[in-house]
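[1] Got a predicted structure plus its sequence, pasted below:
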Amino acid sequence: MQGESDRQRELLDVESVAGHLLEPGSVFALLAEHRDRLFPDELFADLFPSGRGRPSIPGEVIASVIVLQALFGHSDREAVDALTFDLRWKAACGYAVDAKGFDSSTLTYWRRRLAASDRPQRI
C-alpha cells in the first residue's frame, strides 16, 4: 500500500501535472527547475550542527518560500498561505497539490538561524 500512496502523491505533484503552465523565465519556473541545485542540503548544514533538531521542512523549500516572499512583499503568514493555495508557489517550492503549508513561525526560526550564521545572505 505504501507504494500506491507514493504514486498518488507523485500524481498530485504540481510541477509534473501543471508545470508546463508556468511562464518560461518566471521565478516560479526557475525555482521549480533549479531549486535543488540553488539550495542544496549542504548549504544549510551549518545551521543545524548538532544533528538534533533538524528541520522537518527541507532547506530548499524554506529558501524558495523566502525568495518568493521577498519578491512579492508577503508577511510570513501571507507567504505560507500562498504556499498552501497558489499552485505556482507549490510548483516552485516542490509541494504537492494537497500539501498544507507549515506554521508561519518556521520562517522566523530559519531567518534567525541564518542571521546568526557566518553566511546570513546565502538565500
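    Okay, I see it.
[2] Please make it C-alpha for all contacts and neighbour counts, starting now.
    OK.
[3] Which pLDDT value belongs to the residue lying closest to Pro40 once chain neighbours are set aside?
    Of all residues not flanking Pro40 in the chain, Glu60 sits nearest, at 6.5 Å (Cα to Cα, 6 or more residues apart in numbering). Listed pLDDT for Glu60 reads 94.
[4] Helix or strand: which one has Glu60?
    Here Glu60, judged by DSSP states H and E, is contained in helix 59-72.
[5] buried stuff in that helix?
    59-66, 68-69 (16 or more other Cα atoms under 10 Å).
[6] again, but for stretch 84-92
    For stretch 84-92, by 16+ other Cα under 10 Å, it's 84-85, 87-92.
[7] Just the CA coordinates for it, please, in PDB.
    Provided in PDB are the C-alpha atoms of stretch 84-92 (Å, rounded to 0.1, in the frame of the first residue of the first chain):
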ATOM      1  CA  THR A  84      -0.900  26.400   0.600                       C
ATOM      2  CA  PHE A  85      -3.300  27.800  -2.000                       C
ATOM      3  CA  ASP A  86      -1.300  29.100  -5.000                       C
ATOM      4  CA  LEU A  87      -0.300  26.300  -7.400                       C
ATOM      5  CA  ARG A  88       2.600  28.400  -8.800                       C
ATOM      6  CA  TRP A  89       4.100  28.600  -5.300                       C
ATOM      7  CA  LYS A  90       3.600  24.900  -4.800                       C
ATOM      8  CA  ALA A  91       5.400  24.100  -8.100                       C
ATOM      9  CA  ALA A  92       8.200  26.500  -7.300                       C
END
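[8] Can you pull out the residues in contact with it?
    Residues outside stretch 84-92 that contact it (Cα atoms under 8 Å, 6 or more residues apart in numbering): 13-15, 19, 22, 27-33, 35, 64-65, 68, 82-83, 96-97, 99-101.
[9] From Phe102, how far off is Tyr95?
    11 Å (Cα to Cα, to the nearest Å).
[10] typo on my end, Ile66
    Between Ile66 and Phe102 the computed distance is 13 Å (Cα to Cα).
[11] Which positions in stretch 98-111 come out as buried?
    101-102, 107, 110-111.
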